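# I need the structure of the sequence given here:
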Amino acid sequence: MGQDHRDSSMKIPALLVACLSNALIPFLSAAVTVALPAIGEEFKASAVILGWIPTAFLLAAAVSSVPFGRIADIYGMKRIFGYGILLITVSSLLGAFSPSAYWLILFRVLQGIGGGIVFVTSLAIVTSIYQPEERGKAIGMVVGTTYAALSLAPVLGGTMTHYLGWRSLFWGMIPIGIAILLLVTWKLRGEWAASQGESFDRKGAIFYSIALVLLMYGFSQLPNLHGAALILLGIAVMAGFVRFEVQAQTPLLNVRLFRNKGFAFSNLAALLNYSAVFMVAFIFSLYLQYIRGFNPQTAGMILVTQPIVQTLFAPIAGRLSDRIPAQKLASLGMGISAVGLFSFTFLSADTPLTLIVGGLIVIGIGFGLFTSPNTNAIMGAVEKRFYGVASAMVSTMRLIGQMLSMGLVLMVFSIHIGGARIAPANYPALQLSIDTVFSIATALCFVGIFISLARGKHRQP
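This is a model prediction of the structure:
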């Protein structure tokens with residue numbers, strides 16, 4: 001079994017590693033989103049193909065999170081974390097040499113696998129080290145650092161794209177990845193392997209991966225008939241996965257954890273929240289650069305508003321979550337996000353920038369208040385030996401939610417724009433798509449308020 005690392009000497013190095021790694025991936029994701037019009041121009045890619053550049057990353061990360069969360073529990077968090085950082089670094093190098101949009105999508109898949117590994121293991125390491133009464137503060141710092149990276153990404157990413165080209169975004173990730181690997185090697189002692197010696201559920205991992213790919217890809221293909229067929233097949237495979245896991249001696253995912261009301265509803269609330277909010281940056285990157293005519297740098301300076309506010313509120317909410325039930329804090333955050341999303345259902349080519357920035361601020365406040373308390377509720381609802389799985393669920397709900405959010409966008413784009421390139425002739429269709437997406441997102445967030453309230457007031461000690 002892994003040794004107990006709850007001593008003060010390990011807290012700062014582990015927190016630093018977690019913060020740096022959780023900043024690396026969101027930065028690359030958000031920066032690439034701002035660069036999508038430039039990528040589309042170079043590769044002559046349609047709106048749907050551009051949508052797959054962030055979507056491929058999310059799908060791969062979602063598929064890899066739960067299996068690698070379990071693998072990390074068995075073979076060691078630090079070791080698997082290092083493999084994840086190495087994969088991100090190598091795939092960033094490959095992405096910088098992408099000869100086409102399709103090759104770039106492939107390298108984004110590799111980045112997504114590495115991202116899924118890192119998100120799962122970094123949070124589990126922090127949770128293993130910090131005591132329950134200080135865990136919320138630590139998680140809040142990790143989440144705050146993530147949002148700080150998201151704050152920097154639109155401005156720095158837009159500037160780099162404007163002056164150095166979009167490939168510079170991938171080159172810039174390589175030295176950061178190397179630095180994290182060196183820090184892990186030199187500063188983190190011992191290993192975290194709470195389930196050492198147990199077997200890995202390979203059949204369950206195959207079931208899970210196939211089900212998730214079918215569901216996510218099928219959703220992105222709606223409203224086509226084959227998209228619906230893929231979703232139904234994915235649901236059937238997922239049902240088989242759940243049945244198999246109930247009977248497995250060492251399951252990939254202990255589905256009995258979902259009998260815990262707080263764990264189950266906190267995960268569902270996260271799924272709905274990310275499904276509603278994630279696409280905001282993608283939508284506004286297209287809206288600001290196509291419909292409003294701003295360059296990547298200016299668009300990035302506008303988009304920075306939301307993550308800056310999230311950065312400010314996430315650590316505060318994390319500290320409060322050590323004393324105030326997530327039911328109150330997270331539900332309030334979900335409600336505030338719904339208000340911000342609703343304000344964008346009236347977006348047009350003439351909407352004042354002050355109203356756009358104001359709406360982004362509101363969403364940033366809501367998201368910042370929601371995430372840390374909700375994450376703390378999930379991690380605090382399980383025993384120590386399930387930290388890897390619980391961390392994987394945090395990552396999986398986030399990634400599936402983000403994937404559903406992008407799937408919603410791709411579905412709406414497919415209906416209104418089809419496979420055409422975004423050009424002035426179809427700007428009205430793009431505007432209609434944007435309005436439709438924000439209307440659906442508002443409804444999802446509104447439902448999420450009641451799911452968040454339904455978890456109850458209980459907090460795990």
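
# Distance check, Val382 against Asn254.
9 Å (C-beta to C-beta, to the nearest Å). Where C-beta positions appear, they are placed from N, C-alpha and C, glycine not excepted.

# so what sits against both of these two?
With contacts taken as C-beta atoms under 8 Å, 6 or more residues apart in numbering, the residues that reach both Val382 and Asn254 are Val389.

# ok, those two, which is more surrounded?
Val382 (21 against 17; other C-beta atoms under 10 Å).

# Find the nearest non-adjacent residue to the more buried one, please.
Ala390 (4.5 Å; C-beta to C-beta, 6 or more residues apart in numbering).

# Can you report how many residues neighbour that neighbour?
26.

# For it, list the residues it contacts.
Ala390 neighbours (C-beta under 8 Å, 6+ apart): 124, 127, 257, 263, 378-379, 381-382.

# Go through those and name the one nearest Ser285.
Ile378 (29.9 Å; C-beta to C-beta).

# any idea what sits nearest that closest one, other than its immediate chain neighbours?
Nearest to Ile378 is Ser266, by C-beta to C-beta, 6+ apart, at 4.8 Å.

# again with Gly364
Val309 (2.9 Å).

# immediately after the helix or strand containing that neighbour, which helix or strand?
Assigned by DSSP states H and E, Val309 belongs to helix 305-320. The first helix or strand that comes after helix 305-320 along the chain, using DSSP H and E, is helix 326-343.

# tilt between that next one and helix 305-320?
Comparing the axes of helix 326-343 and helix 305-320 via axes from the mean of the first three to the mean of the last three C-alpha atoms, to 10 degrees yields an angle of 170 degrees.

# Give me the buried positions along the helix holding Val309.
Residues of helix 305-320 classed as buried by neighbour count (16 or more other C-beta atoms under 10 Å): 305-315, 317-320.

# Show the buried residues in the contacts of Ala390.
Counted by 16+ other C-beta under 10 Å, those give 124, 127, 257, 263, 378-379, 381-382 as buried.

# any idea how the protein splits into domains?
8-200+250-453, 201-249 (automatic domain parsing).

# For the residue lying closest to Glu134 once chain neighbours are set aside, grab the count of nearby residues.
Spatially, and ignoring its direct neighbours in sequence, Glu134 is nearest to Asp322 (7.1 Å; C-beta to C-beta, 6+ apart). By the criterion of other C-beta under 10 Å, Asp322 has 19 neighbours.

# looking just at contacts, which helices and strands does whichever strand or helix holds Pro37 meet?
Assigned by DSSP H and E, Pro37 belongs to helix 8-43. Packing contacts for helix 8-43, counted by 3 or more C-beta pairs under 8 Å, 6 or more residues apart in numbering; DSSP states H and E, involve helix 47-75, helix 77-96, helix 101-129, helix 132-164, helix 167-187, helix 279-286, helix 296-303.

# Where among those helices is average confidence lowest?
Of all the helices and strands packed on helix 8-43, the minimum mean pLDDT falls on helix 132-164 (a mean of 79).

# and that helix, what does it pack onto?
helix 8-43, helix 101-129, helix 167-187, helix 296-303, helix 305-320, helix 353-379.

# What residues of that helix count as buried?
Those would be 135-162, for helix 132-164 by 16+ other C-beta under 10 Å.

# Could you do stretch 22-31 as well?
22-31.

# Go ahead and confirm Ile85 touches Leu182.
No. The pair Ile85 / Leu182 is not scored as a contact, 10.2 Å apart, by C-beta atoms under 8 Å.

# related to what we said a few turns ago, looking at the buried residues of helix 305-320, which is nearest Ile422?
Gln306 (22.8 Å).

# Next one: that closest one from Met406, what distance?
17 Å.

# Leaving out the residues flanking it, which one is nearest to Ile361?
That would be Val309: by C-beta to C-beta, 6+ apart, it lies 5.3 Å from Ile361.

# tell me the contacts of that neighbour?
360-361, 364-365, 368.

# Quickly note the distance from it to Gly333.
12 Å.

# count of residues packed around Phe197?
Quick fix: residue 197 is Gly, not Phe. Gly197, neighbours per other C-beta under 10 Å, totals 7.
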